[in-house]
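Asker: would you be able to build a 3D model of this:
(chains A and B, ligands or ions: 1)
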Amino acid sequence: MKGLEQLLAEHAFFAGMEPKDLALIAGCGANARFEAGDYLFREGEPADQFYLLRSGRVVVEVHDPARGTITVLSAGEGEVLGFSWLMPPYRWVFDARALELTRALVFDGACLRDKCEADARLGYDLLKRVTSVMMQRLEAASVQLLDVYGGAAAR
Amino acid sequence: MSDLARRPGDAAPPDSMIPAIHRVRRKRQETPDTWTLDLEPVDGDGQRTYAPGQFNMLYAFGVGEAPISISGDPTGTPGLLAHTVRAVGAVTRALCGLRRGDLLGVRGPFGNAWPIDQAAGHDVLLVAGGVGLAPLRSAFCRILGERSRFGRVSLLYGARSPRGLVFADDLRRWRARFDVEVEITVDHAVGPWRGHVGVVTQLLDYAPIEPEDCVALLCGPEVMMRYVGRELSRRGLPAERTYVSLERNMRCGVGLCGHCQLGGELICRDGPVYSLSRIEPLLRIREL
Ligand SMILES: Cc1cc2nc3c(=O)[nH]c(=O)nc-3n(C[C@H](O)[C@H](O)[C@H](O)COP(=O)(O)OP(=O)(O)OC[C@H]3O[C@@H](n4cnc5c(N)ncnc54)[C@H](O)[C@@H]3O)c2cc1C
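Answerer: Predicted coordinates for the structure are as follows:
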């Protein structure tokens, strides 16, 4: 079986990161496996994890009493999930549920934060990577909010 | 490759202002507000040929005319014209309200076409949003009919929700093929949807492009096409090989009235298909 550091090095999110930094980050991580239907996290619960998906598919959902469960995002191999560990109050704002057997690397958020505090260069590198994904998600969410396919003047 | 979709100065057909009467032969509901109408000419006058990307002016008697892309399979039944219409206002609502056997007027076909022949020998990426799949369906059917002429062929389709997907049967059939990649996403989903959820650009991770050898055809809401165009450019695809089909208000359809003018372009005559390199600067000017 591949070691955690090697799995990290192969994941697009960590592309180009220095081996010594990968080793530090690997120290906070573990392999995880979720069966179809398992929740990776649930709204309101403490957010202590950061997920790198290696295979499978996960949906991010929110529950609305009137409309039921609404899926707002799906993620699969090569994608990352969960940013609430970065900033207080460290609580999940959505649910995340595996749609099928999903393999992931899971990192302890507090451990990552400690390492970033102790090594600002590593912290900056990690934050740049996280921010880049967050920016893409923000842009995507804005386009979703525009409801381009929905309104009368849109197709 | 230069701007292949251009076909400047083509003269409009001589009878282009007189609608030919057509009958609705078949009508299929695609989504809660979108229908596909199969039309046949009443006088039996064989249907003119058309190229994927072109549109007709459909005339709902007593209500008015609207430009609607041809969504049919150009390799399918000759003489039948398919149009897929989303009801958004008076004319499109009247068109969607037509029943089997009802009559309407058809002028066209107008406009230029997707650069399909020029894309032969290359990978082709089609990205559609909402009812924007209509003109791309024609292109996709033609590409499938001549599959061996093209490299890798991918269709990425985004809609508002699973209920908003047009051509569901086609999508199912296309997804079952081994020689094309078809990925579908919706902005949000309620219920048993197991596909992708998110914007259409996310699908590019599932159908990666070779920017040196790819031609992209985009059709959907303008905001979506700009967003996809930016993402393709970020991935290295030159704007000269990224084509969009524009929808602007049109009246005559033949470049006479100036209604659909965008800068120096008359979209009904010079378009509706443009390379991004040619049209993007104009799209950025808000006053146009
Ligand atoms: C080349 C071309 C191809 C087209 N192909 C199709 C097609 O295949 N299927 C289809 O359903 N529609 C298509 N359209 C759009 C269609 O022509 C318009 O929806 C129609 O003209 C609206 O007329 P209306 O009287 O029903 O609505 P109106 O009363 O004129 O408008 C109702 C609402 O729709 C908005 N609207 C009008 N025209 C457009 C437009 N072009 N784009 C976005 N919003 C618009 C208006 O701003 C208004 O809010 C195409 C347009 C063009 C220019």
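Asker: CA atoms for contacts and neighbours, from now on please.
Answerer: OK.
Asker: so where do the helices sit in chain B?
Answerer: B:90-97, B:116-119, B:133-145, B:168-175, B:222-234, B:267-270, B:276-283 (DSSP state H).
Asker: so which bits of the last one are buried?
Answerer: For helix B:276-283, burial by neighbour count (16 or more other Cα atoms under 10 Å in any protein chain shown) applies to B:276, B:277, B:279, B:282, B:283.
Asker: helices and strands around the lowest-mean-pLDDT helix or strand in chain A, which ones?
Answerer: None of the helices or strands of chain A scores lower by mean pLDDT, DSSP states H and E than helix A:4-10, at a mean of 89. Contacts defined by 3 or more Cα pairs under 8 Å, 6 or more residues apart in numbering or on different chains; DSSP states H and E place helix A:4-10 against helix A:19-26, strand A:29-34.
Asker: TSV for these, including distance to the ligand?
Answerer: Putting the helices and strands packed on helix A:4-10 into TSV (distance: least, Cα to the nearest ligand atom, whole Å) gives the following:
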stretch	distance to the ligand
helix A:19-26	49
strand A:29-34	43
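Asker: between those, which one is nearest to residue B:141?
Answerer: strand A:29-34 (39.7 Å; Cα to Cα).
Asker: neighbouring contacts of that closest one?
Answerer: Under the criterion Cα atoms under 8 Å, 6 or more residues apart in numbering or on different chains, residues A:4, A:40, A:98, A:100, A:101, A:102, A:103, A:104, A:105, A:106, A:107, A:108 lie in contact with strand A:29-34.
Asker: and what of stretch B:237-248?
Answerer: B:1-3, B:5, B:53, B:114, B:211-212, B:214-220, B:222, B:225, B:229, B:233, B:260, B:267, B:271-278.
Asker: ok, which of those also contact the ligand?
Answerer: Here is what survives when these are matched to the ligand using Cα under 6 Å from any ligand atom: residue B:272.
Asker: where does chain A dip in pLDDT?
Answerer: A:1, A:151-155 (pLDDT under 70).
Asker: remind me, longest helix of it?
Answerer: Secondary structure of chain A per DSSP H: the longest helix is helix A:120-146.
Asker: hang on, the earlier thing: tell me the one of the contacts of strand A:29-34 nearest chain B?
Answerer: Of all the contacts of strand A:29-34, residue A:100 has the smallest distance to chain B: 9.7 Å, by Cα to the nearest Cα.
Asker: what's across from the closest residue to residue A:67 other than its chain neighbours in the sheet?
Answerer: Distance criterion Cα to Cα, 6 or more residues apart in numbering or on different chains; nearest residue to residue A:67, sequence neighbours excluded, is residue B:190 at 7.6 Å. Beta-bridge pairing for residue B:190 (DSSP bridges): residue A:70.
Asker: correct me, but residue B:190 touches residue A:68?
Answerer: Yes: using Cα atoms under 8 Å, residue B:190 is in contact with residue A:68, at 7.1 Å.
Asker: so does the helix or strand hosting residue A:53 get close to chain B?
Answerer: Taking DSSP states H and E as the definition, residue A:53 sits inside strand A:49-55. No: legend: contact between strand A:49-55 and chain B by Cα under 8 Å from any Cα of the partner chain is lacking; minimum distance shown is 12.8 Å.
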